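S.K.: Build me a model:
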Amino acid sequence: MPNVHKFHSSGEAYDASQVSDDIAHGDVLVVEEDQIVGFLFHAWPIAVSLGHGAFHEVKPGPAGHPDWPKFFASEPEAEPFYLAAIAEALAIGAFVPSWLIPGHEDIVPIDSEV
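M.R.: Okay, here's the model as predicted:
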């Protein structure tokens, strides 16, 4: 289970993730005041919340969502860290866009034409 680190700003979190020996690959970074949550992926803080501040932002691909199966196949250790960050974001009430949640592309809205 990754450690959770709390900060006052995303800039402070980003900087700490680069120099602190206490923050490791996969750890969750939380800026509750700004509703920003992410995880450290090797050297890059990646946001899972809609707000990303200084963290790297995940953007949807051509299909409208990231290619999670391809990403997690190439980086299998990332999935538990990513899911831990999503759980932390939801726990503090941060908005997590549905397209950031792996498997969401299988969900069909009720009002859509199938």
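
S.K.: Pick out the residue closest to the middle of the chain.
M.R.: Val48 (2.5 Å; CA atoms, centre = their mean).

S.K.: least trustworthy helix or strand in this structure by mean pLDDT?
M.R.: helix 68-74 (a mean of 72; mean pLDDT, DSSP states H and E).

S.K.: need the next SSE after it, C-terminal direction.
M.R.: Sequence order places helix 78-91 as the next helix or strand after helix 68-74, per DSSP states H and E.

S.K.: Any chance you could give me that next one in PDB, C-alpha atoms only?
M.R.: Output of helix 78-91 as PDB, limited to C-alpha atoms (Å, rounded to 0.1, in the frame of the first residue of the first chain):
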ATOM      1  CA  ALA A  78       1.200   1.400 -11.500                       C
ATOM      2  CA  GLU A  79      -2.400   0.200 -11.200                       C
ATOM      3  CA  PRO A  80      -2.600  -0.300  -7.400                       C
ATOM      4  CA  PHE A  81      -0.900   3.100  -6.900                       C
ATOM      5  CA  TYR A  82      -3.300   4.800  -9.300                       C
ATOM      6  CA  LEU A  83      -6.400   3.200  -7.700                       C
ATOM      7  CA  ALA A  84      -5.100   4.200  -4.200                       C
ATOM      8  CA  ALA A  85      -4.900   7.800  -5.500                       C
ATOM      9  CA  ILE A  86      -8.400   7.600  -6.900                       C
ATOM     10  CA  ALA A  87      -9.700   6.300  -3.600                       C
ATOM     11  CA  GLU A  88      -8.000   9.100  -1.700                       C
ATOM     12  CA  ALA A  89      -9.400  11.700  -4.100                       C
ATOM     13  CA  LEU A  90     -12.900  10.400  -3.600                       C
ATOM     14  CA  ALA A  91     -12.400  10.200   0.200                       C
END
